Structures are given as C-alpha cells and as structure tokens.
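# Below is the sequence, then the predicted model.
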2 protein chains.
Amino acid sequence: MPVTDPDSAFEGISVLGFDADDTLWHSESYFVVTEERFRALLAPWCAADEVGSRLLDRERENLRVFGYGIKGFTLSMIETAIEASEGAIPSAAIEQIIRWGKEMLSHPVELLPGVRETLESLRPHYRLALITKGDLFHQESKIAESGLADLFESVDVLAEKDAVSYQRAIDSIGVVASEFCMIGNSVRSDVLPIIELGGRAVHIPYQHTWDHEVVAAPTNGEPTPWIELARIGDLPAALRSP
Amino acid sequence: MPVTDPDSAFEGISVLGFDADDTLWHSESYFVVTEERFRALLAPWCAADEVGSRLLDRERENLRVFGYGIKGFTLSMIETAIEASEGAIPSAAIEQIIRWGKEMLSHPVELLPGVRETLESLRPHYRLALITKGDLFHQESKIAESGLADLFESVDVLAEKDAVSYQRAIDSIGVVASEFCMIGNSVRSDVLPIIELGGRAVHIPYQHTWDHEVVAAPTNGEPTPWIELARIGDLPAALRSP
C-alpha cells in the first residue's frame, strides 16, 4: 500500500518515532505460544477454539480496568480457566498460568533482525524517539535490557496510543506533527492516530497481530496515506527514496 | 522532625513535586481492607498473621518481575492463597480475589482533606508537578478522575522512585534539584532520593504505610534534613514560614 507520491512522502521529517513491541523486538509471539499452552491446559474441559474466543472476550472486557500488558493477560487467563472449566480447574493449573505470566515478563529481549543497524544508520540524520504503550515497569525493563536506550533521544510509555496521547508525546519531544513520522507494526496504534494528527507513518507488519489490534483496511479505493514495508532494514532507503 | 533552621528551608524553591497515592488521595487503606478480607478468606487453612507475612514475602519477591500496583498485588494474593491452603483453595475463592483486585482498580478516587484548596493556593506561587509511581494505566485513570490534572504543569508516572528516575523527571520538568521540593507520604520513595539529589522534601505521613515502604529513622542524633507535616493543609504556611 505505497502512497501515490513517494517523492514527497518524507520531506521535512525531523523526528522518527518507533514503537517497541513487535517493531524493535519480539513480543506477540510469546503471547501466541502461551495461548497455545493455555488451550492445551484447558483441553479436558473446553474445545481449543472456544478457549481462544472466551479469552479474547475476557481480555477485551478487562482492558478498561487492567489496561495493556502481561499481568492483565495473566489475570484474564485465570478467569477464563475457571469459567471454561466451570470451576473444575485445579489450583496447580492456576499456579502454572501464573508461572507462564512470570516467564513472559522475564523473557529475554530478542531484537528483530536489522534493528540496531537501522537505528544507528538513521541516528545521524533524525532525532529518534521511542514511543510504546503498555505496562510501564515491563516496558522500562525491556528498554534497559535491549541495549538500545542510548540510541533514542526520548522514551515515552503511553497507557493508550490514541491521538490525544500521541499529541502530548510529540509536544514533549518538541516537534510538530508534520515533521514527525511514526514507525510501528500496528495500523490501529502506530499509524491511524498519527495520520489523524497530520503526521506521517510507516507500517511494518509483524508475523502475528493480536486480534484486538486488527483494523479493516480502507475500502474507498484510495491509496492509504502511509507507507508499508516488509522489514525495518528497508526504512533508510524508503525515507531517502524519491 | 523539623529541620533546625526553618528560616532557610524553602528559600529559592520554584517547583513543588507531589506524590499522588496517600498524599493527594486514599490508596493504602484499600489495600489494608482487601488484606483483611484476604486473611478471613484463608482462615480455614492459615492463621491471619502467617497469611500476612506470607503475602508480604510474596509481594516483595514478585516486585522485581511485577513492579508496583494492584494487578501484581492480586497475582501475589492468588499465589499466597494456593500456597497457604496447600492447594485446597477452591476456584470460587480465586475468582473472589480477582473481583477484589478489580474493585480496587475501579474504586472512585477519594481526595484527602484540603488537597484541592492547598494546590489552588500554591499554584500562583510555584510550578506544580505530579510525580507518582506504579501502574501507568491505573495512575492515569486516577489522575483523570481526580479532577486535579489541570492544576499540574506536568505529570510523571515512574516505574520506581529512586534518585536516577527522579533526576530524569526533574530534568524533563526543567528545574535543578536545589529549586525543587518533593511532598509525599513515603520517606523511602518521596523524601530520601530527593535529599540525595540535593533537593528538599516534606513528609506528610498517611494513616497506613505499606511495610515495604517503611524505613528506619536516622539514628545518629542529627535532625532530619526534611520537614514533617501532619496534613497537606499545613503546607502553604510551612513554605512561607520563617
């Protein structure tokens, strides 16, 4: 979905904002693995597909009270396990679910291919900002562990990635939307709010997308007003390209 | 524990930083109530005191993976319940624990007496900053619900309140430590790191202190280099006072 005129797509950009989970490092794949284990754990009581849809419903309902992140996901799994087993789930299985949550929270940060080289090659030409969402404590732990923190001029963890919170973040960075470009794996969270603010965006899909983040593509036949790339390593060329 | 020379205690202060939980609004008292219920729930299996000490041990051990906040507290209660009952806790009781967690997260914000008036009276004379720690999503929800957000020039939620993260926060506020005064209920989190940075601090104890936040008072006979007040309403007079 390239913009019609790539010539002017990135003219005047001074700040690049990067999402973190599934843009700089793996994240959703750990949720996918845990959910597979969770379905297997509940197999004696509930079909795998039904476990998946119950869990998604429960996560969505809990978002407004838990927000994003693994602790809320873990609590949603426990609730789903009790409901889907009609209370028959043994306490040892609940301990297992909590252990999975801790494993996810303690998982080493695994950078996506090309991330460090790409950031290093862009850094002399742009101000780089990290803008992520979710659990503050876990995000900060991952940022520290990634070894990338020094490449960014600023780091912001937002509770939600909507136009209002992005506006606050780019204000604090000291840039206007028209000079800002956001790069991330989620059309819902990294692209649409920035386009709404008059900024520019690059979508780099990850191998998995959480169902909650899936949005329908525009269907009016217009080209989308953002760039899509297959990998972060393609970013420097795309930013330069006429 | 007043400073020896209150005359000079607040000279040159331009920014006042306020903690939020148990400084502007009630928080710890909800944990105390929930823990009482939790002890009662586990009474068939474990003495109340032992439940309390097991829960505190578990919370402390989990801090490095969960960070602060109610979701981690809820998961620690579930782990403690399973261990203290040797696995006998029924799943309905675990659902009850999760409901308590959600109740705490959804609890209306209850301002402490005098908070709004005090902030309004200080605002013409100082830049006011809100600096809290814990769960980003829950803290932002409470700040929005408190109706106090507009009184603060900046709001920062930190994952941990130590000298390093305070330094980053006051840098982003644009103030030097010697012109900054922090006001809060925790000597460990709101007072000592600021004194270490060369700033000033006002300690306003809350009716409850989480055991993890308790620090021993200095025992070298020196007066403490911070002010202690009984209530936030005493702050304007203390700041003015020779």
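Alright, I've got the coordinates.

# Which stretches in chain A count as strands?
In chain A, the segments counted as strands under DSSP state E are A:15-18, A:127-133, A:154-158, A:180-184, A:200-203, A:227-228.

# what's the distance between the longest one and the middle of its chain?
Spelled out, it's strand A:127-133. Computed by CA atoms, centre = their mean, to the nearest Å, the separation of strand A:127-133 from the middle of its chain amounts to 12 Å.

# try the first one
Relative to the centre of its chain, strand A:15-18 is centred 15 Å away, using CA atoms, centre = their mean.

# Stretch A:37-52 now?
Relative to its chain's centre, stretch A:37-52 lies at 26 Å (CA atoms, centre = their mean).

# Show me the beta-bridge partners of the residue positioned nearest the centre of chain A.
Closest residue to the average C-alpha location of chain A: A:Asp21 at 4.5 Å, with CA atoms, centre = their mean. As for beta bridges, A:Asp21 partners with A:Trp25 under DSSP bridges.

# which residue sits closest to the residue of chain A positioned farthest from its centre in space, ignoring its chain neighbours?
Relative to the centre of chain A, the most outlying C-alpha is that of A:Ala88, 34.5 Å out, by CA atoms, centre = their mean. Of all residues not flanking A:Ala88 in the chain, A:Trp45 sits nearest, at 6.2 Å (CB to CB, 6 or more residues apart in numbering or on different chains). C-beta: built from backbone N, CA, C; applies to glycine.

# now do A:Ile143
A:Ala149 is the one closest to A:Ile143 (CB to CB, 6+ apart), at 5.3 Å.

# A:Asp19 now?
A:Gly184 (3.1 Å).

# partners of the one you found in the sheet?
In this structure, A:Gly184 bridges to A:His203 when assessed by DSSP bridges.

# if I look at A:Gly233, how far off is chain B?
Between A:Gly233 and chain B the computed distance is 31 Å (CB to the nearest CB, to the nearest Å).

# Tell me, how many residues neighbour that residue?
If you count neighbours by other CB atoms under 10 Å in any protein chain shown, A:Gly233 ends up with 16.

# Chain B contacts on chain A?
Within chain A, the residues that sit near chain B (CB under 8 Å from any CB of the partner chain) are A:65-69, A:71-72, A:74-75, A:78-79, A:82, A:85, A:87-92, A:94-95, A:98, A:101-102, A:105-106, A:135-138, A:140-141, A:157-160, A:172.

# Name the residues of the longest helix along chain A that are buried.
Longest helix of chain A, by residue count under DSSP state H: helix A:48-66. Of all the residues in helix A:48-66, those buried under the rule 16 or more other CB atoms under 10 Å in any protein chain shown are A:Val51, A:Gly52, A:Arg54, A:Leu55, A:Leu56, A:Arg58, A:Glu59, A:Asn62, A:Val65, A:Phe66.

# Tell me who's in contact with the fourth one.
With contact set as CB atoms under 8 Å, 6 or more residues apart in numbering or on different chains, A:Leu55 has these partners: A:Glu35, A:Phe38, A:Ser76, A:Met77, A:Thr80.

# out of those residues, who's nearest B:Trp210?
B:Trp210 has its nearest neighbour among the contacts of A:Leu55 in A:Ser76, at 26.1 Å by CB to CB.

# So the closest one is in contact with A:Leu63, correct?
No - the criterion here is CB atoms under 8 Å, and A:Ser76 misses it with A:Leu63 at 9.2 Å.

# quick one on the thing from earlier: now tabulate the strands of chain A in CSV and tack on mean pLDDT and mean neighbour count.
Below are the strands of chain A laid out as CSV (pLDDT from 0 to 100; neighbours: other CB atoms under 10 Å in any protein chain shown):
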stretch, mean pLDDT, mean neighbour count
strand A:15-18, 98, 25
strand A:127-133, 96, 23
strand A:154-158, 92, 19
strand A:180-184, 97, 27
strand A:200-203, 96, 23
strand A:227-228, 92, 20
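
# Against A:Glu59, how distant is A:Glu50?
According to CB to CB, to the nearest Å, A:Glu50 and A:Glu59 sit 15 Å apart.

# now do A:Trp25
According to CB to CB, A:Trp25 stands 22 Å off from A:Glu59.

# Map the structural domains onto the sequence of chain A.
By the record's domain assignment, chain A is partitioned as A:6-25+A:109-240, A:28-106 (automatic domain parsing).

# By mean pLDDT, show me the worst of the ones you listed.
Ranked by mean pLDDT, the domains of chain A bottom out at domain A:6-25+A:109-240, which scores a mean of 91.

# quick check, distance from that one to the centre of its chain.
9 Å.

# From B:Ser91, how far off is A:Ile94?
To B:Ser91, A:Ile94 is 8 Å away according to CB to CB.

# With adjacent residues omitted, what lies nearest to A:Asp190?
The shortest distance from A:Asp190 to any non-neighbouring residue, by CB to CB, 6+ apart, is to A:Gly184 (2.6 Å).

# can I assume that neighbour is in contact with A:Pro205?
No - at 9.9 Å, A:Gly184 does not count as touching A:Pro205 under the criterion of CB under 8 Å.

# This completes my enquiry, with thanks.
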